[in-house]
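Participant: quick one, fold the following:
(chains A and B)
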Amino acid sequence: MKLQTLSEVNVERAARRPVIVVTDTANGDQRLVKAKDIATDPLSADLAKQLRMGKSGMIEAGGKKLFLNVYAPTARLVIVGAVHISQALAPLARSLDYDVTVVDPRTAFASPERFPDVPLVAEWPDVALPPLNIDHYTAFVAVTHDPKIDDPALLHAFAHDCFYIGALGSRKTHAKRAERLKAQGASDADIARIHAPIGLSIGAVSPSEIAVSIMAEITAELRLPRETRKEQAA
Amino acid sequence: MLNRDEDILQAAENWQKAGHGVALATVVETWGSAPRPAGSSLVINDDGTFLGSVSGGCVEGAVVTEALDVIASGQPKMLEFGVADETAWNVGLSCGGTIRVFVEKVGQS
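Facilitator: Just a heads-up that it's a prediction; the model follows:
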C-alpha cells in the first residue's frame, strides 16, 4: 500500500467518512474509493453493497480477483432522555458496537449511578448536541416524553444527516408533536423521517423489550436496502 | 463488522513516517469458522513489533515472519492457513476454518 493511500484512508476515517480500498490480490495494485465517488465508480453496485453491510470481501470483476476493504465509521447512537428505557438501550447498543451518548439536562436522571460507563451530557439539547457532530452514521432517539427536551432535540436531528430518527410516544402523542414541530418550522419531510411510535412492532412491554425493538429498527435502517424496508412496511 | 481497528492503520502510518519498514497483513477471505472476519488486519514493523490481529492468535507468529520477508522484498504475498493445510500441524487454526491473508509492504512505490 502506498503511503499516500494509507494517509488518505486515515484522513477519511478521522473525518468519519467511509472509504473503500480496492486491491488486485494478484499483483497488489490498489486504488482508494471515497464515499462520494462510489456512485460513479465502475464497481458502484459492489461497492455500495459492501459499504451498506459494513463488510469487506473478495469480488471478481473483469477477470480479476479484487479485495474490497471497507472502512466504515463506527455507528453512533445519541439517546436524548436518561430514562428507564435508556438504561436498557445504552448497554444493548454498546453490545452491538455503537458508540453511545446519553443527553438529559435533568441531573437526577443523567447520573453515573444510573448509567455506569456511558458518556453522559447533563445539558439542554441546544448546548449538548452541537459538539456531538451528528452525522450520517448516527442514530438519534428522543425518549424523554417531555416536549421541552424532545422537541428541540428533534429539530437539531432534522438539520443533520442521521440515518435514523426515532421518538417515543403513541400515535396520538406523535400527532401533537408533529403539529408543535411544524409550528417551529419543521417540514412534512422532516416529520416523515421520525420513526414513531418508536421501534419495530413486536409487542414489547418492558424497558428491555422496548430497547430490543428500537435496536432492531435501527439495525434494519442501517443494513437493509431502502426498497426492502418499504416492502416490509407495506 | 463495525470497524474497531482504528489505531492500527494510524500506527502503520506513524511507523512508516518514523522511518520503519512496515507491512500490512489483511484477512481477505475466510471459509468455515474463522476467528476474525475479512478486513481484519495486523501491522508489523521491521523490529517485529505488531498490532492488531488476523486470527485469535493462532497464526500471528507465522504472519509476522512472512511480513518481515515482504518488508525486505517489497513483493506482496498471499498466505493461506487452515486445517486442510500441510502447515496445519504447525500453525493451523484450531477452530477448523481457513483464512487467506494478503501481506503487503506499506510505502511501496
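
Participant: count of neighbours near the residue of chain B found nearest chain A?
Facilitator: Of all residues in chain B, B:Gly39 sits closest to chain A, at 3.0 Å by CB to the nearest CB. Placement of C-beta: from N, CA and C, glycine included. For B:Gly39, the neighbour count with other CB atoms under 10 Å in any protein chain shown is 23.

Participant: cool, A:Lys172 as well?
Facilitator: Residues within reach of A:Lys172, counting by other CB under 10 Å, total 8.

Participant: need the pLDDT of it.
Facilitator: The confidence metric pLDDT takes the value 95 at A:Lys172.

Participant: equivalent analysis for B:Trp89, please.
Facilitator: Listed pLDDT for B:Trp89 reads 50.

Participant: I figured A:Ile194 was touching A:His174, is that so?
Facilitator: Yes. Using CB atoms under 8 Å, A:Ile194 is in contact with A:His174, at 7.4 Å.

Participant: so between the two, which is more surrounded?
Facilitator: Comparing A:Ile194 with A:His174 by other CB under 10 Å, the one with more neighbours is A:Ile194, at 22 against 18.

Participant: for A:Arg13, see how far away that one is.
Facilitator: A:Ile194 is 30 Å from A:Arg13, where distance means CB to CB, to the nearest Å.

Participant: which residue ranges of the chain form strands?
Facilitator: Going with chain A. Using DSSP state E, the strands of chain A run over residues A:19-24, A:30-34, A:57-61, A:64-71, A:76-80, A:99-103, A:120-121, A:138-142, A:164-167, A:194-195.

Participant: you looked at the wrong chain, it should be chain B
Facilitator: Ranges of strands in chain B, per DSSP E, are B:22-31, B:41-45, B:50-52, B:77-82, B:98-106.

Participant: for the closest residue in space to B:Asp7 that isn't next to it in sequence, list the residues it contacts.
Facilitator: Using CB to CB, 6 or more residues apart in numbering or on different chains and skipping residues adjacent in sequence, the residue nearest B:Asp7 is B:Leu51, 7.5 Å away. If you count contacts by CB atoms under 8 Å, 6 or more residues apart in numbering or on different chains, B:Leu51 has them with B:7-8, B:11, B:42-43.

Participant: any weak-confidence spans in chain B?
Facilitator: Applying pLDDT under 70 to chain B flags residues B:1-6, B:83-96, B:108-109.

Participant: what about 50?
Facilitator: For chain B, the stretches with pLDDT under 50 are B:1-3, B:84, B:88.

Participant: biggest helix in it by residues?
Facilitator: Longest helix in chain B, counting residues (DSSP state H): helix B:60-73.

Participant: between it and strand B:22-31, how big is the angle?
Facilitator: Counting by axes from the mean of the first three to the mean of the last three CA atoms, to 10 degrees, helix B:60-73 points 130 degrees away from the direction of strand B:22-31.

Participant: count the residues that sit near A:Ala128.
Facilitator: Number of residues near A:Ala128 (other CB under 10 Å) recorded here: 23.

Participant: give me the residue from chain A nearest chain B.
Facilitator: Using CB to the nearest CB, the closest approach of chain A to chain B is made by A:Ser56 at 3.0 Å.

Participant: for chain A, which helix is longest?
Facilitator: Across chain A, the longest stretch assigned as helix under DSSP H is helix A:207-223.

Participant: quick check: the farthest pair among the contacts of B:Leu51?
Facilitator: Pairwise distances across those (CB to CB) peak at 12.8 Å, for the pair B:Asp7 and B:Leu42.

Participant: these two - which one has more neighbours?
Facilitator: Set side by side, B:Asp7 and B:Leu42 show more neighbours around B:Leu42, with 26 against 12, by other CB under 10 Å.

Participant: re the thing from before, quick one: the strands of chain A as CSV, columns for mean pLDDT too.
Facilitator: Formatted as CSV, the strands of chain A follow (pLDDT from 0 to 100):
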stretch, mean pLDDT
strand A:19-24, 96
strand A:30-34, 95
strand A:57-61, 94
strand A:64-71, 95
strand A:76-80, 98
strand A:99-103, 97
strand A:120-121, 97
strand A:138-142, 98
strand A:164-167, 98
strand A:194-195, 97
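
Participant: please identify the most buried of the ones you listed.
Facilitator: strand A:138-142 (a mean of 28; mean count of other CB atoms under 10 Å in any protein chain shown).
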